[in-house]
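**Student:** Here is the input, now give the coordinates:
(one chain, ligands or ions: 1)
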Amino acid sequence: MASGPDTATLERVLEAAGWAPSAQNAQPWSWHVDPNGLHLDADWSRRLGDSPFDRCDVLLACGAVLDHCAIALDAAGWATRIHRFPGGTVLDPRLDPVRLATFETIESAPMPAARELADVIHRRRSDRRHYASAALPETTVETLLVRAARRGVELGVVPAARWHRDDTGQVHLHYGDHAETSAAPADGVLLALGTEDDSDAARLRAGEAASRVLLSATAMGLASCPLTEPLRPARDRVALACEVFDGQRHAQMLIRIGTQPADVPGVSAVVRRSVAETTTWAVDGGQRRTR
Ligand SMILES: Cc1cc2nc3c(=O)[nH]c(=O)nc-3n(C[C@H](O)[C@H](O)[C@H](O)COP(=O)(O)O)c2cc1C
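**Tutor:** Numbers count the residues shown, from 1 in each chain. Presented below is the predicted three-dimensional model:
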């Protein structure tokens with residue numbers, strides 16, 4: 001990059017960004033560095049299936065890695081301006097790669113909030129175990145709500161009677177064909193992320209907001225797990241949006257948040273692709289090579 005972070009800084013930043021969550025740890029993204037900056041592409045070849053739902057999972061994960069990257073850059077002393085969809089918002093998965101964002105960077109003292117979130121990137125895990133709490137302090141929910149709202153995403157609480165967690169750690173919604181309310185013991189709080197429209201741009205934003213919420217929760221000492229599988233049945237997704245968002249938002253993702261007793265061991269990290277595997281670097285003459 002002409003006047004941006006040096007290669008060693010970028011490698012550290014991209015290593016940290018790679019710890020972003022993605023459905024089944026697919027990590028459906030790639031990075032490209034050239035004299036114009038740092039670029040994020042969707043890697044459609046890593047999507048989990050051919051359904052529209054799998055496509056959404058790619059965009060949500062790319063939003064999360066985009067935000068993790070912005071946080072890591074900020075903490076490394078580089079403020080960012082992000083240009084989303086620099087080539088337009090019509091994305092064709094048959095074209096590989098598809099550019100989702102380009103970073104503009106300017107040297108700047110790290111913001112304390114970014115430092116706090118960057119510090120927990122390597123500690124955050126999807127924790128599918130039982131959570132002790134049935135509720136979160138109002139101020140906690142308020143903080144998460146504000147952080148999501150800054151990315152244009154609304155957070156709503158799914159009523160406890162509308163979901164339960166099974167023994168394998170998966171969450172089931174109680175709408176539509178499964179409309180009976182749950183009498184299962186509370187297992188944390190289930191938050192829904194809602195966007196004004198149901199576009200690719202909205203999904204990328206929802207992924208960015210999810211990253212903020214998950215890292216903020218980790219920084220507060222809370223356990224969390226992002227989920228989209230329960231939203232796969234279209235009827236459940238709509239019914240949840242009607243109840244939680246008064247039908248005014250599209251539900252993109254769920255996040256279960258709660259507390260773990262201090263003596264409970266942590267969850268093991270899931271292996272990530274290396275920076276060399278996810279990144280191409282432009283060299284003289286505009287050629288690309290993988291480092
Ligand atoms: C868009 C998206 C959808 C996800 N959906 C689910 C899900 O339905 N169920 C689940 O248990 N985990 C889900 N996850 C969590 C991933 O499985 C998890 O992020 C990945 O395995 C990496 O593990 P880590 O988050 O502990 O680093 C989802 C994550 C993302 C970003």
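**Student:** For whichever residue of the stretch 151-291 of the chain sits closest to the ligand, what are phi and psi?
**Tutor:** As assessed by CB to the nearest ligand atom, the ligand sits closest to residue 229 within the stretch 151-291 of the chain, at 3.0 Å. C-beta: built from backbone N, CA, C; applies to glycine. For residue 229, the backbone dihedrals (degrees, to the nearest 10) come out as phi -50, psi -40.
**Student:** next one: phi and psi at the closest residue to it other than its chain neighbours?
**Tutor:** Excluding its sequence neighbours, the residue lying closest to residue 229 (CB to CB, 6 or more residues apart in numbering) is residue 170, at 6.8 Å. For residue 170, the backbone dihedrals are phi -80, psi 150 (criterion: degrees, to the nearest 10).
**Student:** And residue 170, how close does it get to residue 256?
**Tutor:** 10 Å (CB to CB, to the nearest Å).
**Student:** Between those two, which has more neighbouring residues?
**Tutor:** residue 256 (24 against 13; other CB atoms under 10 Å).
**Student:** How are the strands of this protein distributed by residue range?
**Tutor:** Per DSSP state E, the chain carries strands over the ranges 29-34, 37-42, 78-84, 98-107, 154-157, 163-165, 171-173, 189-195, 223-227, 250-258, 279-282, 288-290.
**Student:** Please produce CSV containing the ones you listed, extended by mean pLDDT and distance to the ligand.
**Tutor:** CSV is the format used below for those (pLDDT from 0 to 100; distance: least, CB to the nearest ligand atom, whole Å):
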stretch, mean pLDDT, distance to the ligand
strand 29-34, 96, 11
strand 37-42, 95, 13
strand 78-84, 96, 17
strand 98-107, 94, 14
strand 154-157, 97, 16
strand 163-165, 94, 10
strand 171-173, 95, 7
strand 189-195, 97, 10
strand 223-227, 97, 4
strand 250-258, 98, 6
strand 279-282, 95, 19
strand 288-290, 44, 23
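**Student:** So which of those is nearest residue 127?
**Tutor:** Minimum separation from residue 127 across the strands of the chain (CB to CB) falls at strand 223-227, 4.1 Å.
**Student:** packing partners for that closest one?
**Tutor:** helix 200-219, strand 250-258 (3 or more CB pairs under 8 Å, 6 or more residues apart in numbering; DSSP states H and E).
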